[in-house]
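Enquirer: here is my input, please return the structure:
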Amino acid sequence: MVRFAAAVSLACLAVPAFAEENKEESCGYQGAIASAIQTARLDGVREKRVEKKILANSPAWPENYNKVIPTITGWIYQIDKSQLRSNDLGAIWQEQCVTNWDAIQQMLSNQSG
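Expert: Just a heads-up that it's a prediction; the model follows:
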C-alpha cells in the first residue's frame, strides 16, 4: 500500500496544476485515468501505446491531466494481471488520492517554495 500511495503522490507531483483543483474533482479525474489504463492493459494494449490509445478515445478529463498518463501507466504495468482482474484500480486510486490529498498538497507547496 505504501508503494501505491507513493505512485499517487508522484502522479500529483508530475502535474502541479492539480493543486489548483478541487480534491474530489482532481482525484476523480485521476481515478478515471487509472481505470482507462487498467482497461487498456487488460485489453492487451502494449505499454508504449497506452497513451495514444486512451487519447484517441477523447477522454472526459481536462487536457492537463494527460501529462500524468505515463506515470500511472508505468505503475499499472508493473502490477500482476491477476491483481488487475480482481481490483478496480480507478476506485482505489481515487480513494488513495483523497486520503493523501493534504500530504500531497504539502509536498507541492514545499516543491514550489
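
Enquirer: what stretches of the protein score poorly on pLDDT?
Expert: Residue ranges of the chain with pLDDT under 70: 1-20, 112-113.

Enquirer: kindly recompute the last result at 50.
Expert: Applying pLDDT under 50 to the chain flags the ranges 1-2, 5-6, 13.

Enquirer: for it, which segments count as helices?
Expert: 2-14, 23-42, 50-56, 69-76, 81-86, 89-112 (DSSP state H).

Enquirer: which one, of these, ends up nearest to residue 62?
Expert: Smallest distance to residue 62 across the helices of the chain (CB to CB): 6.9 Å, for helix 23-42. Glycine gets a C-beta too; all of them are placed from N, C-alpha and C.

Enquirer: just the angle between the closest one and helix 69-76, please?
Expert: 60 degrees (axes from the mean of the first three to the mean of the last three CA atoms, to 10 degrees).

Enquirer: output helix 23-42 in PDB with nothing but the alpha carbons.
Expert: Output in PDB follows, covering the C-alpha atoms of helix 23-42 (Å, rounded to 0.1, in the frame of the first residue of the first chain):
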ATOM      1  CA  LYS A  23      -9.900  17.400  -4.200                       C
ATOM      2  CA  GLU A  24     -12.900  15.300  -5.300                       C
ATOM      3  CA  GLU A  25     -12.700  16.500  -8.900                       C
ATOM      4  CA  SER A  26      -9.000  16.100  -9.300                       C
ATOM      5  CA  CYS A  27      -9.000  12.600  -7.700                       C
ATOM      6  CA  GLY A  28     -12.000  11.600  -9.800                       C
ATOM      7  CA  TYR A  29     -10.100  12.500 -13.000                       C
ATOM      8  CA  GLN A  30      -7.000  10.600 -11.800                       C
ATOM      9  CA  GLY A  31      -9.200   7.600 -10.900                       C
ATOM     10  CA  ALA A  32     -10.700   7.800 -14.400                       C
ATOM     11  CA  ILE A  33      -7.200   7.800 -15.900                       C
ATOM     12  CA  ALA A  34      -6.200   4.800 -13.800                       C
ATOM     13  CA  SER A  35      -9.300   2.900 -14.900                       C
ATOM     14  CA  ALA A  36      -8.700   3.700 -18.600                       C
ATOM     15  CA  ILE A  37      -5.100   2.400 -18.300                       C
ATOM     16  CA  GLN A  38      -6.200  -0.700 -16.500                       C
ATOM     17  CA  THR A  39      -8.800  -1.400 -19.200                       C
ATOM     18  CA  ALA A  40      -6.200  -0.900 -21.900                       C
ATOM     19  CA  ARG A  41      -3.800  -3.300 -20.200                       C
ATOM     20  CA  LEU A  42      -6.500  -5.900 -19.800                       C
END
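
Enquirer: sounds good, over and out.
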